[in-house]
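> below are the sequence and a predicted model; questions follow.
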Amino acid sequence: MCIPCIPKSALRHYWSEALDELKQNSCVAYDVWHTAGKPRSGDVYNMKKDAHYKYKLAIRVAAVAFDSQFSDDLLDHYLQKDMNSFWKSWRSKCNSKSLCSSHVEGITGDGPIANKFAEYFEACAGDVIGKLSQNVSGRTCAI
């Protein structure tokens, strides 16, 4: 079974290449810190802390900038009483197009696709429950 992938920018509209780079730097700094034995002070700790802080601050700034830019554009169009531009901007920002896949293993339609997922995950859960019951049945409890 194949679940369609969506890019991470689809979930965070404010995401950018700069944030990707800061995240990578933060991950590298964490790995260096972890490899060094997780010191609680010193240059390695300060490098990890600084990279993490820069990454989190950049996310916060990008999210706020995106929200304020979104609000400013809409407000400008609304105040100018340019309703065509207002609704065009609204639709571009609040895209209601579905990211759902219409075909899964040759099956189409929401109901049949949902049933296919249910069958698949029920089979997975059945395998896990069967393995757990086999492990538990061989054990005894001492009181």
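Good, I have the coordinates.

> apart from its neighbours in sequence, what residue is nearest A65?
Sequence neighbours aside, Y14 is the residue nearest to A65 in space, at 7.1 Å (criterion: C-beta to C-beta, 6 or more residues apart in numbering). C-beta: built from backbone N, CA, C; applies to glycine.

> could you look up the SS state of that neighbour?
Using DSSP: H, G, I helix; E, B strand; the rest coil, the structure places Y14 in coil.

> pull the longest helix from this protein.
Longest helix in the chain, counting residues (DSSP state H): helix 43-79.

> mind listing what's buried along whichever helix or strand comes after that helix?
Following helix 43-79 in sequence order, the next helix or strand is helix 83-93 (DSSP states H and E). By 16 or more other C-beta atoms under 10 Å, the buried positions in helix 83-93 come out as F86, S89.

> other SSEs contacting helix 83-93?
Identification of packing neighbours for helix 83-93 by 3 or more C-beta pairs under 8 Å, 6 or more residues apart in numbering; DSSP states H and E yields helix 43-79.

> the helix it packs on relative to helix 83-93, how many degrees between them?
With axes from the mean of the first three to the mean of the last three C-alpha atoms, to 10 degrees applied, the angle from helix 43-79 to helix 83-93 works out at 150 degrees.

> show me what helix 43-79 is packed against.
The contact analysis (3+ C-beta pairs under 8 Å, 6+ apart) places helix 43-79 against helix 17-35, helix 83-93.

> turn those into CSV, columns for distance to E119.
Output for the helices and strands packed on helix 43-79, formatted as CSV (distance: least, C-beta to C-beta, whole Å):
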stretch, distance to E119
helix 17-35, 37
helix 83-93, 37
